[in-house]
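J.: Quick one: sequence and predicted model below, then my questions.
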Amino acid sequence: MGAKKENRSDPDLVERLGHERDRLLRILDALNDGVIVVDRDTVITCANQAACIMLSWNHDYLGRRLEKALHCCDGSTLPFLESNGSLARSICQGRMLSGMEKICGKVKTGLTVDYLITPLSEADEVVGAAIILNNITERIMAEGALGEANKRLQRLNVELKRKNKRLQEISVTDSLTKLYNHRHIIERLQEHVSTAKRYQRDLTVIMLDIDFFKKVNDAYGHPFGDKVLEQVATTLREEIRAADIAGRYGGEEFLVVMPETGLVEGLNTAERIRLALEGLTWQHPITVTISAGVATWQKGETTSELITRADALLYRAKEGGRNQVRG
């Protein structure tokens, strides 16, 4: 009687197991991620609908070794699926495994997937593994596109900074001589006058003018006159200190601002500039000379008053015969 009862229960057990398997497959098919179940020898025993769609599998995947059904687009075996690869070791050791791979997906397209491999056990014995595949191809592409967009944005920012810097330079620079223009040299002088007032520091300016410049233009033309102006500017840059600043005050007049400088040093610098220009040779038979006025800031003096004194000294140099420095 007992044997008959056991036989009657066997079909029930098989039916229940079948129902459980069907329920498990329905649960797996409801998942968005691909799920593949393999035994200890990496033979495929089950795959959900998402995995089949992702990999273009038909029902012929059952019973195949995973390394034969899942591979790179060039047909080569994925490194983690090789016989001595990390999948085989993780199954033997009963440990989880995760990573990222590029695999061959549907219609032979390349897919990038995150994979998570979880050992499956029965009675404390590892019998296989469940492999969960998450298709991150679009995310990778989006991240790549975002990265490229960020690179383009960075390039645009660099270009914008460069152009802004160039615009700033243009706004403060005389286009011909590349010295500061009238507005900016006055602004810089005002800053230094404020510093001199606050800290009682020395400040000297040189106002210089090219002698008989109109005759140069009339005799040899404005293009040559422009070359003279450019050379005067170059000589100024060469003869003044790094802390000094020079600007084109207007026409053939130039202004040099010398912070932390007394009258004697200012006179020496102006004389050095005068001698350097007088010693230049030109394509035409001329000698370029300058007249200069040197003034040191006096306590309580405004920017305008300092320039007026330097300008008056410049005209005294001109009235005294030109090609000289007055201070």
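T.: Yes, it's here. Since we're looking at a predicted model, the values are computed, not measured. Numbers count the residues shown, from 1 in each chain.
J.: helices or strands next to whichever helix or strand Lys318 is part of in the packing?
T.: Secondary structure from DSSP states H and E places Lys318 in helix 303-319. Where contact means 3 or more CB pairs under 8 Å, 6 or more residues apart in numbering; DSSP states H and E, helix 303-319 is packed against helix 182-199, strand 203-210, strand 290-296, strand 325-326. For every residue, glycine as well, the C-beta is placed using N, CA and C.
J.: I'd like the ones you listed laid out as TSV, including mean neighbour count and distance to Arg241.
T.: Compiled in TSV, these are given as follows (neighbours: other CB atoms under 10 Å; distance: least, CB to CB, whole Å):
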stretch	mean neighbour count	distance to Arg241
helix 182-199	16	14
strand 203-210	25	12
strand 290-296	26	15
strand 325-326	22	17
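J.: Distance to Ala149 and mean pLDDT for those - can I get that in JSON lines?
T.: Output for the helices and strands packed on helix 303-319, formatted as JSON lines (distance: least, CB to CB, whole Å; pLDDT from 0 to 100):
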{"stretch": "helix 182-199", "distance to Ala149": "38", "mean pLDDT": "96"}
{"stretch": "strand 203-210", "distance to Ala149": "51", "mean pLDDT": "98"}
{"stretch": "strand 290-296", "distance to Ala149": "56", "mean pLDDT": "98"}
{"stretch": "strand 325-326", "distance to Ala149": "60", "mean pLDDT": "98"}
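J.: Distance of Ile286 relative to Val294?
T.: 25 Å (CB to CB, to the nearest Å).
J.: in the chain, which segments are predicted with low confidence?
T.: The chain contains residues with pLDDT under 70 at 1-22, 106-108.
J.: Just send the helices and strands packed on helix 303-319 back as JSON lines, with distance to Cys72 too.
T.: Below are the helices and strands packed on helix 303-319 laid out as JSON lines (distance: least, CB to CB, whole Å):
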{"stretch": "helix 182-199", "distance to Cys72": "64"}
{"stretch": "strand 203-210", "distance to Cys72": "75"}
{"stretch": "strand 290-296", "distance to Cys72": "78"}
{"stretch": "strand 325-326", "distance to Cys72": "82"}
